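Visitor: structural data only, the sequence is not supplied:
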């Protein structure tokens with residue numbers, strides 16, 4: 001185990017992305033919030049391990065090959081005879097924002113033992129991603145895993161990443177998400193996530209509520225307007241570079257990967273998080289916005305290779 005290692009849990013999904021405006025031609029690309037975040041962390045020089053159940057089918061084998069090629073630790077991956085979960089992405093509108101039709105039932109995503117329930121030794125941080133860390137067998141296991149991580153002194157980040165079609169009704173989903181927020185040190189959400197969870201409420205008020213639940217830092221991404229971090233002091237803001245958008249698939253995963261990579265490079269995860277300065281957080285936010293924007297210039301989740309410092 002390398003110093004500063006980060007454990008990532010969350011879904012791995014085969015994204016079928018349209019390659020024409022009518023949706024007649026699709027390409028199968030590797031995605032899912034957990035997989036994407038691990039990919040971004042590795043490309044930014046961090047030391048991630050990925051824990052999930054992966055199918056032994058053709059897509060599952062592609063996931064394994066991609067993880068190995070990026071140097072991501074796969075020791076905690078479990079084999080599943082079930083097929084890989086998939087998402088059918090609708091042809092993009094003018095804003096480049098995708099819509100996902102997720103197909104999860106009876107897939108590797110449903111394996112009851114895919115996510116560890118106790119934090120293995122040697123990790124300083126746990127990153128829990130999206131609905132894979134919130135609902136179903138993997139969500140239940142993530143709750144236990146987060147409690148174990150906290151007991152062992154690791155920090156925890158949680159990317160809400162709403163996918164409404166696979167969540168229960170809003171009140172129940174909010175309760176599940178808030179239970180995970182209460183376990184986290186760092187919470188990341190988009191304006192769309194906040195609007196779904198708390199319709200009509202300002203992002204700052206929602207961030208304050210989440211901090212009252214226990215989160216120490218709330219990161220709110222705002223698309224082309226960058227991001228804001230709400231912590232103990234005054235909010236921190238970072239702008240997003242202006243780019244030509246191919247699509248926004250995986251931009252949020254690239255963002256959180258960039259943010260965590262900067263903190264990891266400076267020893268500011270785990271017990272070191274308490275020593276993170278405003279400069280550390282400001283630099284991490286700026287880097288996260290820059291790499292997320294860069295990822296949007298290419299189809300699918302394709303984070304740039306750029307070392308965090």
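Guide: Structure received. Computed from a predicted model, the values in this text were never measured in an experiment.
Visitor: okay, now the unreliable bits of the stretch 1-150 of the chain?
Guide: 1-3, 91-98 (pLDDT under 70).
Visitor: where along it do the strands fall?
Guide: Applying DSSP state E, counting those that start in this stretch to the stretch 1-150 of the chain gives strands spanning 5-10, 13-18, 26-31, 48-51, 53-55, 78-80, 86-89, 100-103, 123-129.
Visitor: can you list those strands in CSV and add distance to residue 283 and mean neighbour count?
Guide: Bear in mind the C-beta positions are built from the backbone N, C-alpha and C, glycine included. Output for the strands of the stretch 1-150 of the chain, formatted as CSV (distance: least, Cβ to Cβ, whole Å; neighbours: other Cβ atoms under 10 Å):
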stretch, distance to residue 283, mean neighbour count
strand 5-10, 18, 28
strand 13-18, 31, 22
strand 26-31, 28, 18
strand 48-51, 20, 26
strand 53-55, 34, 24
strand 78-80, 36, 16
strand 86-89, 33, 20
strand 100-103, 32, 17
strand 123-129, 18, 28
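Visitor: can you list the ones you listed in TSV and add distance to residue 245?
Guide: What follows is the strands of the stretch 1-150 of the chain, written out as TSV (distance: least, Cβ to Cβ, whole Å):
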stretch	distance to residue 245
strand 5-10	24
strand 13-18	14
strand 26-31	17
strand 48-51	26
strand 53-55	30
strand 78-80	35
strand 86-89	15
strand 100-103	17
strand 123-129	22
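Visitor: out of these, which is closest to residue 215?
Guide: strand 123-129 (12.5 Å; Cβ to Cβ).
Visitor: which secondary structure elements does that closest one sit against?
Guide: strand 5-10, helix 33-43, helix 136-151, strand 155-159, helix 251-265 (3 or more Cβ pairs under 8 Å, 6 or more residues apart in numbering; DSSP states H and E).
Visitor: that strand to strand 5-10, inter-axis angle?
Guide: 20 degrees (axes from the mean of the first three to the mean of the last three Cα atoms, to 10 degrees).
Visitor: strand 123-129 pairs with which strands, parallel or anti?
Guide: Partners of strand 123-129 in the sheet, by DSSP bridges, are strand 5-10 (parallel), strand 155-159 (parallel).
Visitor: now the ones you listed in CSV, with distance to residue 172?
Guide: Below are these laid out as CSV (distance: least, Cβ to Cβ, whole Å):
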stretch, distance to residue 172
strand 5-10, 20
strand 155-159, 18
